[in-house]
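Chemist: the following comprises the amino acid sequence and a computationally predicted model.
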Amino acid sequence: MRKAKVNINNEKLQASSEVLRALSHPLRLQILEFIDQNDTINVNKIYNTLNLEQSITSQHLRILRLAGLVETERDGKFIHYRIDYDRIKNAVGAINRFLNKEEDEEEA
């Protein structure tokens, strides 16, 4: 039996891989959880509370920001971070659909 041709939108694939990459790191998940507990928070509070180096924290926040998982707002010299819950919801939904489809194929 011949398999169907697969069409993949490279832009969407790149964006999806950035989101999955961002979500795949335990420290980034810890940072997201901390932001979630505080609604919106500045970078100083993140690295001081989680006992991280400022540069490491900024690198991880950059990855989360580029993936669209967090949003920023400048208040003077401080940058405040908050979670983009719609983006997280979409990513988790896509992962769950993929895993459920994979389970269904294994059972067939």
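Modeler: Happy to help now that I have it.

Chemist: contacting residues for residue 65?
Modeler: Going by C-beta atoms under 8 Å, 6 or more residues apart in numbering, residue 65 touches 71, 72, 81. Where you see a C-beta, it was placed from the backbone N, CA and C, and this is true even at glycine.

Chemist: C-terminal to the helix or strand where it lies, what's the next element?
Modeler: If you go by DSSP states H and E, residue 65 is part of helix 54-66. Once helix 54-66 ends, the next helix or strand along the chain (criterion: DSSP H and E) is strand 70-75.

Chemist: show me where this structure has helices.
Modeler: Counting by DSSP state H, the segments of the chain that form helices are 10-23, 26-38, 43-49, 54-66, 85-107.

Chemist: how near is residue 49 to residue 59?
Modeler: Distance of residue 49 to residue 59, computed by C-beta to C-beta, to the nearest Å: 17 Å.

Chemist: returning to what we had before: closest one to residue 77 among the helices of the chain?
Modeler: Residue 77 lies closest, by C-beta to C-beta, to one member of the helices of the chain: helix 43-49, at 9.9 Å.

Chemist: now the contacts of residue 65: which count as buried?
Modeler: Neighbour-count burial (16 or more other C-beta atoms under 10 Å) applied to these gives residue 81.

Chemist: can you put the contacts of residue 65 in TSV and add distance to residue 91 and pLDDT?
Modeler: Formatted as TSV, the contacts of residue 65 follow (distance: C-beta to C-beta, whole Å; pLDDT from 0 to 100):
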residue	distance to residue 91	pLDDT
71	15	96
72	19	95
81	17	97
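
Chemist: identify, from the contacts of residue 65, the entry nearest to residue 87.
Modeler: Closest to residue 87 out of the contacts of residue 65 is residue 71 (9.0 Å), distances taken as C-beta to C-beta.

Chemist: the closest one touches residue 80, doesn't it?
Modeler: No. In this structure residue 71 lies outside contact range of residue 80 using C-beta atoms under 8 Å: 9.1 Å.
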